[in-house]
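**Q** I'll drop the sequence and a predicted model, then ask my questions.
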Amino acid sequence: MIKVSSYKSNNIYTYGLGATVAMEYLLKKREAVKAVILHPGFRSEETIARINEICGSSIPVSTEEKPFNILSKKDNCFVIAVIEKQEVRIRGGNHMVLVNPSNCGNLGTIVRSCLGFGVEDIAVVGKTAADPFDPKTIRASMGACASVRIEVFGDFEEYSARFPANNLYPFMLDGSTILQETKIDKPFSLIMGNEATGLDPAFKDIGKPIRIEHSGNIDSLNITIAASIGLYEATKSCE
């Protein structure tokens, strides 16, 4: 049995916390699941039976409490999937590009929105960016991380050199064009900045900088909201 320990970025395993997240990995990325742990207090016989059915004889299923004390203090977490990290490369096509995101919860929420709008390739740019493999990211995505490709790039130049054909749309407070009046050409790269600082001013000279028009009652939108609005407009206008 794999020994469960507090998550660190250099671990070879990460964890899917909660029955919904664990099931997403079992159904969408079964080969990455190396073990499933059930809490002794878990009483959903239907879910337990389904997990055992999917795991069969190839994925060990155990019942123990200690891993939950290590990984999750939440009362509503009754299932843990032990997941082997698998590095992937994003493919050509439409991308969400997140430059130095700092919050795992925001990253996971954006991943879920990307999957919902059919953008399954996500670039995370920055050596200190939030960890796509962090259990907090995976849980915030509600398991959507199992269905998308996420690749980490050291800097934006590394990303753009790989995908020179993509149309670049940096989202900036002082963007020169209004999103609601812009046709997004594909393949597109929707580029979002850090939650606190946004994109570096240098992005004004990259592609077609866009702003989301909103009332003056707020100074800016939360990055997860901005990303979802951008995804909706981009996929709505794609032909």
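**A** Here it is on my side, so go on. Numbering: from 1, shown residues only.
**Q** Now the longest helix anywhere in the chain: buried residues?
**A** For the chain, the helix with the greatest residue count under DSSP state H is helix 223-237. Within helix 223-237, the residues that count as buried by 16 or more other C-beta atoms under 10 Å are 223-224, 226-231, 233-235. The way it works is simple: take the backbone N, C-alpha and C, and place the C-beta from them, glycine included.
**Q** By mean pLDDT, flag the weakest helix or strand of the protein.
**A** strand 177-178 (a mean of 89; mean pLDDT, DSSP states H and E).
**Q** Tell me how this protein divides into domains.
**A** Under automatic domain parsing, the residue ranges defining each domain of the chain are 13-84, 95-237.
**Q** Export those as JSON lines, with columns for distance to residue 7.
**A** Shown next, in JSON lines, are the domains of the chain (distance: least, C-beta to C-beta, whole Å):
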{"stretch": "domain 13-84", "distance to residue 7": "6"}
{"stretch": "domain 95-237", "distance to residue 7": "5"}
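**Q** Of all those, which one is nearest residue 6?
**A** Closest approach to residue 6 among the domains of the chain is made by domain 13-84 (6.0 Å; C-beta to C-beta).
**Q** and the end-to-end length of the closest one?
**A** 5 Å (C-alpha to C-alpha, to the nearest Å).
**Q** now do stretch 151-159
**A** 10 Å.
**Q** what's in contact with that stretch?
**A** 87-90, 97, 99, 121-127, 129, 132, 162, 191 (C-beta atoms under 8 Å, 6 or more residues apart in numbering).
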